[in-house]
Structures are given as structure tokens and as C-alpha cells.
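Asker: Quick one, structure for this:
(3 chains)
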Amino acid sequence: MQNIPFFLHGGDYNPDQWRHVPGTVDKDFELFPMAGINSLSLGIFSWSVLEPEEGRFEFGWLDDIMDRAEKRGMKIVLATPSGAKPNWLAAQCPEVRRMTGDGVHEPTREQQCRRHNHCPTSPIYRRKVLQIDEALAARYGSHPALALWHISNELNGECHCPLCLAAFRDWLRAKYGSLKALNEAWWTGFWSHTYTDWSQIGAIDFSIDGLVLDWKRFVTEQTASFIRSEAEVLRRHSPEIPVTTNLMGFYEGLDYARLAREIDIVSWDNYPQYHERPGETERLAAFTSLTHDYMRSLKRGKPFLMMESSPGPVNWWHHNRLLRPGQHRMKSLQAIAHGSDSVQYFQIRKGRGGSEKFHGAVIDHEGTGGTRMFREVAQVGRDLQALQPVLGSTVRPKVAIVFDRESDWALKASFGPLDSIKNSYADTVATHYIPFWKRGIPVDIVDGDSTLDGYSMVVAPCLFLLRDGFAERIERFVADGGTFVATWLTGIVNSTGLCFTGGFPGPLRKLLGVWAEEIDYLYDDERNSVVPVPGNSLGLSGNFGTSVVCDVVHAEGAETIATYGRDFYAGSPALTVNRFGKGEAWYLATRGDAALLDALHGTLARRLSIPRAIDSDLPDGVSAGMREGAGGERYTFVVNYASEPRAVDLGPAARHDLLDGATKSGTVELAPFGVMVLN
Amino acid sequence: MQNIPFFLHGGDYNPDQWRHVPGTVDKDFELFPMAGINSLSLGIFSWSVLEPEEGRFEFGWLDDIMDRAEKRGMKIVLATPSGAKPNWLAAQCPEVRRMTGDGVHEPTREQQCRRHNHCPTSPIYRRKVLQIDEALAARYGSHPALALWHISNELNGECHCPLCLAAFRDWLRAKYGSLKALNEAWWTGFWSHTYTDWSQIGAIDFSIDGLVLDWKRFVTEQTASFIRSEAEVLRRHSPEIPVTTNLMGFYEGLDYARLAREIDIVSWDNYPQYHERPGETERLAAFTSLTHDYMRSLKRGKPFLMMESSPGPVNWWHHNRLLRPGQHRMKSLQAIAHGSDSVQYFQIRKGRGGSEKFHGAVIDHEGTGGTRMFREVAQVGRDLQALQPVLGSTVRPKVAIVFDRESDWALKASFGPLDSIKNSYADTVATHYIPFWKRGIPVDIVDGDSTLDGYSMVVAPCLFLLRDGFAERIERFVADGGTFVATWLTGIVNSTGLCFTGGFPGPLRKLLGVWAEEIDYLYDDERNSVVPVPGNSLGLSGNFGTSVVCDVVHAEGAETIATYGRDFYAGSPALTVNRFGKGEAWYLATRGDAALLDALHGTLARRLSIPRAIDSDLPDGVSAGMREGAGGERYTFVVNYASEPRAVDLGPAARHDLLDGATKSGTVELAPFGVMVLN
Amino acid sequence: MQNIPFFLHGGDYNPDQWRHVPGTVDKDFELFPMAGINSLSLGIFSWSVLEPEEGRFEFGWLDDIMDRAEKRGMKIVLATPSGAKPNWLAAQCPEVRRMTGDGVHEPTREQQCRRHNHCPTSPIYRRKVLQIDEALAARYGSHPALALWHISNELNGECHCPLCLAAFRDWLRAKYGSLKALNEAWWTGFWSHTYTDWSQIGAIDFSIDGLVLDWKRFVTEQTASFIRSEAEVLRRHSPEIPVTTNLMGFYEGLDYARLAREIDIVSWDNYPQYHERPGETERLAAFTSLTHDYMRSLKRGKPFLMMESSPGPVNWWHHNRLLRPGQHRMKSLQAIAHGSDSVQYFQIRKGRGGSEKFHGAVIDHEGTGGTRMFREVAQVGRDLQALQPVLGSTVRPKVAIVFDRESDWALKASFGPLDSIKNSYADTVATHYIPFWKRGIPVDIVDGDSTLDGYSMVVAPCLFLLRDGFAERIERFVADGGTFVATWLTGIVNSTGLCFTGGFPGPLRKLLGVWAEEIDYLYDDERNSVVPVPGNSLGLSGNFGTSVVCDVVHAEGAETIATYGRDFYAGSPALTVNRFGKGEAWYLATRGDAALLDALHGTLARRLSIPRAIDSDLPDGVSAGMREGAGGERYTFVVNYASEPRAVDLGPAARHDLLDGATKSGTVELAPFGVMVLN
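Answerer: A predicted model of the protein is given here:
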């Protein structure tokens, strides 16, 4: 991307909060080169400064920052200010304020407070936003320092105001055509909920799971429409400048796959809770890697940006523990390893007041740049310069794991079957991700609508909802030689949340060759065991544990690889494989412990010859990532997430470490939180 | 009952939800005989189908089901649809929607959502309900398949709307006559709460416990009036058809003893959380038996119906664990053992959507009847046929345990003394029930208004509120030779919640011969001990534990049977007996452990020669019930609630097991979850 | 004080609640002398009796009690009834009812319920209150029995009604003069919160911590203004009668230091949760002593009153355990030891109904005075007579510990850094109080505005907010020879909640000679160690633990006394001292375990020769207090809080125990909960 000529190293910068403190901006621009800061994100919450009263704009301070940046060769990420509306607007036009609804009582209008609580439907709000966007785009759209448009901020939440509910009804009418179709899709015969007039859809009744599922979709569509309305203005003025909005990883309120279609570059805000508790490091490091992969996969094959991260502890974790020396660098380069083209921060200079005054920043209250964290930021600045050849390269996995937001919504909207499962879908996906992550095998995260071209293996843990056409697509994938792994609680409901009839896993019953008659949910401290069938075709041996959920399954053509060890369904299938065309369809009927998932995915990956970043077994707490350039050049990132040194076997070939410039081979020791980038 | 010529085996059936799926009803009627289904409960949530728009009724689909049932000799339980109002009514007449109140802020109107959220006072709602009831009764009141009217569904909750509050004021005026009387009864001098105009009673102020107690009574009366208004219409059209409404066991919002006066047959919905955790089986099985007995006792000496139960796990437990093989049969026959004349289900066919789509059903989503649970249901169908001679017989205990809903309300409305006690009244009652249950001794559950004729022993655990006249009635009972057992926290308040003056246990001080000066509440992990007095008249020996609550008691004429072992009240009475007329009045000053309650009630029952279903000691997890026919014939149910086999000593006489047709005597092994029915 | 000629022994008495029970008052006045009751608090919740309808007053019953009291030489504490408004007023004038706000939605009006929920701003409410106050003051202001005016009751809470918000805006305008100043003080540039019109300040937005801090101040000012308006009326009629309002110890909603300026005598309601759990007694006894000292220090050097306490368990603790024999006396004399001139109760006679019907009282429901607690109250009555010489004496400490309510508010209003710290400021202060309490060293509790004259040592734990001028004042204190101890999380924000720039501890950096660069927050089960530097000037040795918080500190001229033992900041300073002028400024960078705080404060107190009540080491669970008369006479209170006897070494000199009249010296055994008062 020509707009982004180097790894962006910078972040949210709010000089507008410091206008009454003379000398602040001068001081900051002295400190930037010392910390290797090469970009600034501006204007994210500046509406009240940019337009202090309706129609009167003040751009002088922003002109100044843009021009200083240009002079120093820095790049600007310029935001639209729609994430926080000014007081004058909220006071003048109540409709711009969101309404909160609980599904039972009349929604109530929010007062002007906090941020992000505007109505996404309000015509007045949209008009005022587009006015200021127009002014910004007209003034700065051609500014040489401008690298990227940043729309609003961490879009989230939902509004239950009459305008939104009317728009929801219009959306439903367009989707279903008739109330008859809607009533059938939502199964409103239950509890006498049949709608006989569109106007009756006046509350988000949480007892109608089909309604809730459609409401979530509508909220995403309305948010997408809001983004699109802003993007149109910006693109009109500067067609060559890409547009993004900063996402929030596994935030569950929006379907990011849908939103990603409205933007040019994916960016997201990464706030992992790194610490050094034994036993948690690996889970957290893997989950953070998974989230990077999820974000990157929204624009498959393209780099993304880490738009925010914290140089130090944030203020909103339960324990805001200091980052240990080196952890900041580890966390920053982990993002690069998974495809980020930036390390950006919230924020550059720590504010003196407001609700984030204790949030980590490059320049602390102390103000001189003489802090440990400032020095660690500067180190990352130097690292990113050393990694310049990696810029623009991306990650091209052979394995896809399905995480489907609509499935998540459908499961959460259901009453039953088990709260702990409903609230841990992403964690469940992570348990299947870890065996690949430990092996340095890159993974894409896709959903039920994604194309599966190019993958050798697709894993779909707990895919509760099957989108229309998914069964056919995955059958074709397997028939053509792909390996598919499905699990318990898969193929339960269709796209409007109706349970499949004819036996679970519904439309996948034929492909998987099993019928899941019943689903047992175990108490938290209960365990069952999984016992391999002697001579099974996977070569699985040993004895594995399982917990949480056990489907009681009948094999209908599938080979039983392992069975349950106890309870009344002892001896019935716990893991099966069905040959289908040129491929295989696996069914894991129970959650399985880490050893079972590791054995299953490790063996399958090996049999499918899926490439790994490092060929040797990686020690605990170490993972490896791989980026590929357009010319096929490979960059291997090896990261030690552990607080102790770890020895990594690089193999006999000599490789170049871009970070320290050394040539490495054989067994190499990585310092605590240490990183190598080999090519 | 001629209307119920066999044990009803059926349940909620909702073909109206499947009208868009051709062939469903035909398939269902094929499956019914395979499962021994002989009755259907119809129309419970069908208002929107029966009256799709105001005044237009559609009965065709219901005619069809009624007629199919008649042809096959099946019986119909026909519901009035008032449990879930249609959208058109809610949209048109806001007053039919309930208002939620928290006692502090203005009540807020609920939107149309969920179910059961109508206002019970609204004249419009009552008029619309009676209109459709009239139409149903006119059409089906003489239908040969009709066995029972089912009014509304699981009536519950309360409404704080102006109409309800006005009705509450009218009710109070009728009850108290004057504000002076009301102010004294509620002790409104406290915190300056004196009412000087009826209109000032405008909120349910939770700081006035007398008000809260009367509000609970009013809610029950309003619900009773709602039932009565529906029942009148039905009885006018079909005077010979009995009327019921399905209750919910120990649901605390309504006084079921009061509601039972409005209906002809008691029915209830039984959803025990059976599982096989060691140590919990007995408590849960006993609690379920207790609940059956409570429900049956509402119409003392008559059978009841188990209107709902689940053939499989439900979807709203914390863990929706599968029923182990045999548990469904065990649970079903337990109901029969305690006096039920039915095993009915929610529901016959599992819906595809809605909030109960994962709730157990006879016909699963799979749809063919080929499931394990379908086979277990069919087994129960065969069992019920074998038990036909038992139909109509009932249970006639010599022991009554007092569970008084008004006392529960008064305790909960009080500030203090101890949350754990306030929230566990039913559990406390269960601890006194278990010694009888383990011995196969039938028990009635009565309240402070019940007649005590015919009982040898009355146990009143934690009877916080004494109703007017109760003290006199129980004195007479004891004077005439009865045995009465009272406990800690008994005789504290009168019928308007005012503490008795003159020393606790208030009006029972003379009968019990003790003064409870102080009440000590122990920490959760604290224990005291109970030490028998040497040579005590009960023959109590050993050393017992106690916890939670310790009255500090002075014996005033009563014999001290046991004393406290520690703390500053060591040596003071923990268990006393007072001779009074021809009987005995016992006072247990502290909670006591299971061993103490077992020794106390076991010894008393033996001394009073109270009959047992089985004369031998039953093993852990096994209990026995007894039903008696009009001609005195006895049916003994022996149920093994344990997941392991148990040996039961039936004694030397040969007895006939109605279930397997075998003749049995001596020690017999019961399979896990096994049942015998001997006569 | 001539108005209080003896230790007041009495409490809330509500004969108005018993007017329908003839003979009650006669019986009570028989019992009063038996219990040594010499004073009554009247009229606290009597508005509805005193003014049953608007403008019609009924004083007859109150005349009667006042006159009976006078005849018997008893003293009356007469309340204004504004703590609970009558129903007629609430019904007639909605504006008198408080509005609840959550900062997000429109505030909602409360219904008439509970108590204390009036609007403090409402002109109508103020007018009605002053009317009845005028009537009371005119009638009783010169009554010979009148000892004290008691304004309202336990003033608390806040109101979000439009009248209050308008008054808040006026208050802000007066404070800041301009919106520019306000915007800077609140850092409203953050999240675009800049106010451009005063009317925009329409909600208590919890995301603006500066706003929240000012709102808390305003609520205190409005409450002070309410008290002042009532006091003015009373003082006009009886200028010689002192005025109080009963405070609630560490209640966090109001700044009691501010309120104390409006009243003549401090009084408070003391409800410690005494019990005998091993290990908790000391903490609880110390915390109760701390609270007495806090209350007393509001009027430094003057006695206070314990306006309420409970003769028996209350009804609102989680466990309302009985007071063990002697605990009531111990708790009562503890108050005297710390400077109270009364032992008063809520309440004299236990009501039969209402939400405090189970709250301890002198006369129980039983009604005869024949209870254990009545006898224990009578014992306290005799004790207070024996202590008559102590009346009017007070406590004159050389040590001040800073507890600053504004600092507490600022910390709580902040987002971050650690919830457990935000919610335990008083507990943190207590950990620093205990070393003095264990040594019998009297302590004053001051805040950042208090004068420091007369103290040798000032300890400021966790002084998050520094008031304007505090740094200068404390520098002067140290320069003049004082010893100052500061800790972690001190000097973080200024008086409007803005973080200090230039390095923490902000304006104290120079005095303390340290820079706290970073603050680490430990997990609940994490520990670090504190290792004394060999040869340190404090003579500190051994190895100490620490937890919760660890500042990473740079010594800038200060001597390092001890360092951290582990983690990446091992070896850096954990405890420092800086010589400054003639004094010393200590910085404790981490929470420290009890042993460290004991060693630090114990050594400093010894080096400063701070006087102790008893010179010997006191055993666990025993503390000693000291009161001094105007003529310098000293009364030493020794209290055993433990449930076992304890031996105390009084030293060789013979001393007189006022309680038992004996002469004591050498080692003396104190019974469980035993007390000596030596002079």
C-alpha cells in the first residue's frame, strides 16, 4: 500500500485536549523521533473542538499537527468524530441519543454521557455526521500526510428507539415478504406469538429466539449502513485513501465479516491481559494469536493494522499489572507475525483527566520520556525499521477454522442447552486452534459463508447454526479431497434458528455418517473417558479424558475411532470418520481434553503435509508464525511468550534474523519474551 | 372419576404450531399408540390461532384433533388460552399488559413479550378471556372426548398497575374497615408511615412488612377471582366436567391452599432435577415426594394429576443432563405412588423454535419415535395399564406436617432475622419430612388453617406466623391425645406480622411449656451439639450436632430431653416435651442434624404405632408409598431412587407385584431406579 | 456541658407507636430506673403523629413524656422529624420526593416509601420542615428537660431531580466562574465532553470523574445547607441548647468534616458486628475504635455522643448473632474510652412491626425487663454512674492519621487503578491505625484541610488526592520537626481529580525525595517481600511480606531503608526516609504486611516518645485508651476485646479502678470482654 510506506508506529494523539497547556505539542514532537513514532491517529473524539458550536468549524489546531507531521515524514490516520457527539447536539436533538431496551419494558432514552451512545438510524445524527465528515474530507482529503481514514471508533451497541424499530420492521418486510413467512421462520405459534400486523413487532422479545437472531443481523446491517454513509463522503474526496474502522476482536454484538465489506483495510484494538501466571500464558498467547488471525481473515490474504494497543497496563482490567520488561515488544511483534502492518497505541500522551487517565500511553504524566515504557516503545520503533522488508507480506494458511458469529448469536439466543457452552464459543474454537498454533501452522478463521478454496482442512467446532448452502459447500469440499472436522452441538438449527428435523447433525448427517440422538451435559467436575478402538485408522492410542458435553451417537457408515469409557453410553462412538468422495469427514462427539485435540489435529495435519513455520517441536510457550511476500519470500516469526528462556531447534540451515542481524541455526535460546524474525 | 377412566398418559400437544407442515398430525396419531399415549392437553397457548383477529374464531383444526381423539378412545384436557394473550389484543389495549413495580419507583408497563404477563384485574382482559372461554365451552363442553378443563397455565406473578392498586385498596377497606385498624395492624407508626387517606396506599412499600403480607394475600385473591371467573363460564356449559389449573409445587407467589378452593382437581407440573450425584439423590427424591404430598393434600384424600413432566431433560436447568435409563419410569411411578392419577408431559412433540425448543418431549425433532426416550415413555404407558386397579385410590396419612404459605410470606417480608432461613422454609420442612419418608410413612402437608382431624401427629417446623385460632386448635388437638412437634422460630408473629408480646413462642408458650428468650444465629461453619439428659423420657441417647439457629430457652413446666453442649447457653434446653391433657407438645429449640430429627420423629412414630408401607427398614435411596382404595384395598409402591441395585425385605407374606405380575416375599432386589407395586 | 450533666444513657424512644396500647408508657417509666436509663431521644420519626394533617399539630403525647422526664430528672434529646415525611405531604407535593439517577437514563421520581428519601433542595419540603421545627422549638425550646436538638436522622443519599441539578449548576457557576475553567478542571476535552452552555450539565455522567467529584461535594453542601436551615430555627428559640445530627461513621456519601461545621456536638450511630471469631476480634475492635476517633476528631478536643447502638443483635447483619455476655458492656465502655459522653440506644422499646421489629432494644417484645440484655443494659447504667468524674474529659493525641473523604471520592470516581483498593480506603487506614491502637497510643483522624498543630507525627496512607495547600502545609510541618509518613498511591491527583504532571507523588516529590515511576498491582494471592538494607537508620531488620500494590520508586535524595525482594524491581526502594528541615518524611512504596507497619510505626512512635496509656506491651485483643480532663487528670481505659481472659501489666504504681473501686497494680487479669478505668 503506497499510503502506508512503513510499519505504522504511533497511535491516538489528542493535542486538542492540551490546548490550554502551552508547549505541549512542541515537547511531543521532540519526543516522537526518540520513540520511533512515525504516525499519529487524530480527531477520534474531537467533534466538540472541531465544531464548538453548530456550523462553526475550527481547524487551525489540526492544520498545525498535519503540517508538522508532513514536515517530519510522518503519516496521519484521520478519524471522523462520530464516536462521541458534542453536548450541543445531544441537548438540541434528543433523537440522536440512543434508547436502551430490556425487551420487557418501554425503552428509555439515554442522557448525554459516556460515548458511543448515539442512535445509528437518526436522520439528524447522520446528517450532522456527514456535514463534518464533508468538511474534514474537503480540507484534508488531499493532504500529503494523510494515510488512512478512520471511521468513528469501536462501533458497538444497539438502539431500541422508535426510529430503529421502524427500520427493523422495514428490514424484516424486505427479508420475509410476508408475515406468514416471518411467523413460520420464528415459530411464533409457540406461546401464541403470531404476528398479524407488522406494527406489532414493537419490542425485542427475548423469548422469541428467531426474532433476536434477526435483530442482531439488523443491528449489524444498520451499523454497516452507518459506516457506508461516512465512507461515501470520504471516498468522494479522496478515492485513493483507504478507509477503516477499528474493530474489537471477538466483540459479539456485530458480525464483523459483514462490516468488513464496507472498509478497505481491517484494523483492530488489541488489549490482551498478558501476565506471567504459570499455565495461563499459553492459553492467552494463543487466544491473542487467534484473534489476530480472525481479524486478518476478514480480508483474507491482506495485512491488517493493530490500530490500538497499550504501552503499559490499561486501567480497566481487574488487575492492571505492569508489563514485565520485554512483554511490550513481544506483544507488538506478535501482531506483526500474524499479519499486522502496524503497531499503534492508545495513546501517545496520557491525559490528566477523564475515564482513561490511568490507561497506558507512550508519554506518561511524568512527561519527559524518561520512563521504562517509553524506552520499550522506542525499542519496538527500532524493531519495526529492521522489519521493513516484511511490510505488505501476509499469511496464507492451508487450514481454516470456522468461527461463525451468526451461529454464536443463535446459540446465545436459545434457551438452553448449557450456559457455560453458550458463553464460551470463542474459547471452544481456541481449544481447536491451539494444536495448530503450537505447531507453527498458520490458520485462517472463516465463517459459514466463506469460500473454502485453497484449504486442505476445515475444522468447525460447535457449529450450532448451519447457514443455507453450507452443507452442500462442505460436502463438495470433502468430496474433492478435503478433510472436515465437525464436533458436538453442530448442525442443530437452520438460519432462522429452527431445529433441524430428521436427526442431528441435520444436513451434515449424511456427510458425517452419524446420528447424534441425545446430548448429555456433564457437571463441572464430571469427566468421562475416550477410549481408542484397537486398530483404528487414525492410529489413535492411549486414554483420553473429556468433559462438559457428550453426544450419544450412532455410527451410520462412519468408522468409530474411539468410544466412551463410562456411563450408560460407554462403548458408543466418541470419535468417528466417514470417507466421502476423496476426502474425510470427522465427528468428535464430545469436548475432549487437550491431549485428544492435539492427537487428532496433529495427526491429521501431518498426514495432510500441512506446512509449519518451524519443522521442529516447539517448547511450551513458544509459537511460530509465517508471513509470505508477493514474491514468495518467507518470514518466520518465533516468539517466546514465557517468562523463562526457551531453546528452539531451528534445524541445520543457516537463517538470518532480521531483528539482531545475526545468522542462526541449530538450537538457539530465546530470552524471556524474546523474538526472532528469520528469513 | 368417570371423566378419567384410566391413568391419563399424555400431555401438552400443540398441532396448531405445525399447521404449515403437512402430515404432522397423521404421523403423531400413528405414534400415540406405540407410546401408550391416551390423552392430549390442547389449546394452552392457542389464542392467536383460535382467534386470529378480534371476534373471528377458527376451530377447525381443534375439531379435527378432538374428533380423532374420540375415535381412538383418547381423552382430552382442554385449556382456556388466557396464559398467553395474542399480539392484536396487547397492541390494542395497553391495560391488559402487566405493570412491573419495585416498590420504590413508578411501576412500568410491560411490552407484549414472553407469556403470563397480563393484568389479572383489567376488565378488558377479563372480558376478552371470558368471550373465548364461552366460545370454547359452547363448542366442546359436551364433546365425548373432553375429560377436564385446564384453566390458563401456571398462573403466577403480580401486576402493579393502577387498576390492581385500586382493587387492592378496595380489598383492604373491606378487610380492615378503617384506616385506624389498618395502621395498627401494619404498625405504621414506625418511620411515620401512618396512612390518613386510603388513596395514599399507592405503592408496595417493602419496608412495611404488614403491607407486603396483605399484598401477597391480595394477589392470591385476585388470581382466585380470575380462575373463578373462567370456571363459571366452563361450569355453566358442562357442569359435569371438572376444572383444574396446573400449579407449580412450592411456587411461593401464591397461596395454593386458597386457590385450590376454586378448582375441582389439583394438578401440578413436576420438574425434579434427577441425577445420580452421590448424596443428593435421597434429598431430591424426598423433596419431590414432599411436593407431591403437598399438592395432593390441597384436596385431602383425593387423587391429583401430574399435569406436566418431562420425558427427558428440560432446557432450563443449570445442567440439562440426560435422564439415565429407568429414571423416567421411576419419576413417573413416584407420582402415582403419592396419589397421582396421571403421568402427563410437556410436551408431546418438540417444537422447532421458541424458547422451549430444547425441552424434553415424547416425539423428538428426529420425528420417528425411534429414540430411547420414546421407548421409555412407551414402557410407562404399559406400566400404567398394569396399574389400572390403583386408579382413584388415594393416600390417608396419620401424620401431618405444617407448611404454611402465609408464614413463609411473613418470614420473607421481615427484615431479618437470617437470610438463609428466610429462603429455605421448604427445605426446613423437608428435613422433618425425610424421617417419615425413609420409613415409608405417608404424610399430609397442611397449613395453619387446616383441620387436624384424623391425625395422630402434627409437626410444625419454623411456623413463624400463627394464624388466628391456630393456638387454640392445636391445644385441643394435644389435649385430645395428639402429639405436636414445634421448633425454633415458631410463634413469632400474628396474622398481620406483628410480633407477639409476652414472650415467644407467643400463644404456644403455655402449650409447649417453654419461653424462648433469645435466638442465636450461627455462622455457616459453626456447630453446636445437643446432649441428651440422662434418663430422659424419650430414651434419646448419643450425641447430636446442630447448626444455623439456637433458641435460648427456659423450660416452664416442660421436661428437658436434651441440652446444648457448648457456648454460653450450654446446659440450657435444646429439646423439651410438655404433657398437656392426653397428649404431648414437643419443642425443638435448634435446627438439629439429620440424626437428631431421625431419632425424634422415628421414636415418636413408633410409640404412636403409625403404620408404614413396609415394616422393615428400607435401604438408603429407597422409599415406599401407600395408596388406599375406597374399599380399603392397599397398594404399596416401593421405589429405588438410587443408581445401584438395592435389597428390600418385604417380610414373609407373599405379595403380588402389579408391574411384573410376579409374586414376591422375603428379600427382593430392586434394580437401579426400579419400582414394585404390591398388593 | 451544662446541658449534659451526666453520661447520657438512653436512646430512641417511640411511645407514639404505642398510643393504642394502654399502659405502655407507665410500664416503661417503671422500667427506666431499673435499667439506669436517664435520657430519651424523642420524635425522630414522629411527623405523622405530630402533624397528622397539614397544619394541625398534636403535641399532647409529647408534652406528657417531656414532663414525666423532667419529674424524674431525665434528659431529653429532641429530634426534628425531617428524616421521614408523612404520607399526606408526599401525596400532595411530588417535588418533595427524591429522584433516583443512574447517570445514563432520565432520573425517576421515587414513590412514598421507606424513609430518608426526600429532596434536600425542594423549597416546599424545606418550608414544611421549618414550619414544624418552628412549632417544636417554640413549644419545647425552654423545656427544662431538653438537653440537645437532634436534627433529622442519619442524613444520606442524593437526589437527581431538576431542582437539585439546577442548584448544582448554580454551585458550579459560583465555583468556577466560567465554563472554560470548568472544562479545564474536568478535562472535558476527553471524549468530546466540552460544555458550551451551563444548561448542558444535565446528568451526573460517571465517565467524567471531575464532575462526579464536584457532585459529591455539592451533595454535601446541599445537606449542610439543609442542616443549617433547621439549626437556625432551633437556635433562634433556644440559643443555649446545642444542636447535633447523628452521623454514621465511615459512611461515604457525605464529607462529615464539612457537615460538622454546622453542628455543636458530634454524635454518631455505632453498630459494630462483634462476635468471637478467632482472628477477627482485633481487626473489628480496632476498626470500631478508629471510627470513634474519626467521629471525635471532627470536633477536635471535644467529647462526642454515641447516639445509637444496639443492646443486642440488630436485624440487618448477615448473621444476627447474639452478643455474648459482657460484650454489650465492652462495646459501651469502648465508646467512653474514645471520648463519648453517652451510651445511647436504638431503641428503648422494641416495636411489634415495621422493618426494625427484630432490632435489639432495651425492652424486648417480652416486655417485663426480665431478659439477659436488660440486665446487661442495667450494668452499663451503673458503670456510667461510677464514671461520672470522666464526664467532659477528652482525648488529646500526638499522632494524626489522615483519612480524607475527598481523596476517597476522587479514587472511587477514577476508572482504575484497582477495585479492591478503591473500595478499601478505610481498611487501609485501619492497617496504619492498628500499630498505635495496640500500643494504647491515642490518635486523631484528620483530613487534608485540618490544622496539624500539636501533632508530632502525621501518617497519610494512600492519600490519592492532595488538596490545594496540603503539600506546603506538610512541608512546613516536617521542616519544623514533624515526622510524616506517606505511602503508595499518594499525590496522584489535584483537587479536581487531574493527575499531577512531573512525576508522582506530585507536589510531595521534593519533600519525600522519591519518584514513583510505575505502580504494580498484584494478584490477590501474589506476594513480594521487603528486605531491610543492612545498617539502615531505622534499625529495621528481619524479612517482611507485602501484597496488593508495589510502587516502582527511584530514591532522589532519600535514604533507602528497605528494598523489594523479588520481581523485576527487586532491589529497588520499598521504604525510604528523607530528612527535610528538622523532620523526616517517610515513603512506604508498598502495602506491607502487619509486621512491617508495626515495626515502622512502633519504632517511630518510640523514637518520638509519644505517650501511651499503659507503658507495658498489651496482650492480643487488649487495647487501652486515655481521656484527659480540663485540669490534666487522666483516665486510662483498658478493654479486653477477647473472649478469653487476658493478663495486663499495669506497672508498679497503685491505681484506682473507677468501675470496681479496687486499687490495682502489677499484673492484673481482665475477664473476657472485661474493662478497667484507672486514674
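Asker: isn't A:Leu179 right up against A:His193?
Answerer: No: A:Leu179 lies out of contact with A:His193 (C-beta atoms under 8 Å); the separation is 11.8 Å. The way it works is simple: take the backbone N, C-alpha and C, and place the C-beta from them, glycine included.
Asker: For the spatially most central residue of chain A, which non-adjacent residue is closest in space?
Answerer: Nearest residue to the geometric centre of chain A (C-alpha atoms, centre = their mean): A:Gly249, 2.8 Å. In this structure, A:Gly249 finds its nearest non-sequential neighbour in A:Thr291, 4.3 Å apart by C-beta to C-beta, 6 or more residues apart in numbering or on different chains.
Asker: Is A:Trp268 in contact with A:Thr245, as I believe?
Answerer: No: taking C-beta under 8 Å as the definition, A:Trp268 is not a contact partner of A:Thr245, at 9.6 Å.
Asker: show me where the stretch 151-300 of chain A has strands.
Answerer: A:243-244, A:246-247, A:267-269 (DSSP state E, counting those that start in this stretch).
Asker: nearest to chain B, of these?
Answerer: strand A:246-247 (31.1 Å; C-beta to the nearest C-beta).
Asker: Toward the C-terminus, what is the element adjacent to the helix or strand A:Ala410 falls within?
Answerer: Assessed by DSSP states H and E, A:Ala410 sits inside helix A:405-413. Proceeding N to C from helix A:405-413, the next assigned helix or strand is helix A:419-422, under DSSP H and E.
Asker: So what's the gap between that next one and the chain middle?
Answerer: 20 Å (C-alpha atoms, centre = their mean, to the nearest Å).
Asker: now swap in stretch A:315-333 and tell me
Answerer: With C-alpha atoms, centre = their mean, you get 19 Å for stretch A:315-333.
Asker: in it, what's buried?
Answerer: Across stretch A:315-333, burial judged by 16 or more other C-beta atoms under 10 Å in any protein chain shown covers A:315, A:317, A:319-324, A:326-333.
Asker: Looking at pLDDT only, which of the residues you listed scores worst?
Answerer: Here the lowest pLDDT out of these sits on A:His319, with 84.
Asker: So that residue: helix, strand or coil?
Answerer: Secondary structure, DSSP: H, G, I helix; E, B strand; the rest coil: A:His319 is coil.
Asker: That one and C:Ile519 touch, don't they?
Answerer: No: using C-beta under 8 Å as the test, A:His319 is too far from C:Ile519 to be in contact (11.7 Å).
Asker: on that earlier part again, dump the strands of the stretch 151-300 of chain A to CSV, plus distance to chain B, mean pLDDT and mean neighbour count.
Answerer: CSV is the format used below for the strands of the stretch 151-300 of chain A (distance: least, C-beta to the nearest C-beta, whole Å; pLDDT from 0 to 100; neighbours: other C-beta atoms under 10 Å in any protein chain shown):
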stretch, distance to chain B, mean pLDDT, mean neighbour count
strand A:243-244, 38, 98, 22
strand A:246-247, 31, 98, 26
strand A:267-269, 34, 98, 24
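Asker: Mind checking the ones you listed for the one nearest to B:Arg139?
Answerer: strand A:246-247 (58.6 Å; C-beta to C-beta).
Asker: circling back: for A:Leu179 and A:His193, indicate the residue with more neighbours.
Answerer: Remark: of A:Leu179 and A:His193, A:His193 carries more neighbours, 28 against 18, as counted by other C-beta atoms under 10 Å in any protein chain shown.
Asker: okay, the more buried one: pLDDT?
Answerer: 96.
Asker: what's the closest non-adjacent residue to it?
Answerer: A:Ile208 (5.9 Å).
Asker: Please tell me how far that neighbour sits from A:Trp215.
Answerer: 10 Å (C-beta to C-beta, to the nearest Å).
Asker: What of A:Ala662?
Answerer: According to C-beta to C-beta, A:Ala662 and A:Trp215 sit 56 Å apart.
Asker: Looking at the two, which one has more neighbours?
Answerer: A:Trp215 (25 against 11).
Asker: Quick check, the more buried one in contact with A:Phe168.
Answerer: Yes: applying C-beta under 8 Å, one finds A:Trp215 in contact with A:Phe168, separated by 6.6 Å.
Asker: Next, format the strands of the stretch 151-300 of chain A as CSV and append distance to chain C.
Answerer: Below are these laid out as CSV (distance: least, C-beta to the nearest C-beta, whole Å):
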stretch, distance to chain C
strand A:243-244, 20
strand A:246-247, 15
strand A:267-269, 16
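Asker: Quick one: closest of those strands to A:Leu8.
Answerer: strand A:267-269 (9.7 Å).
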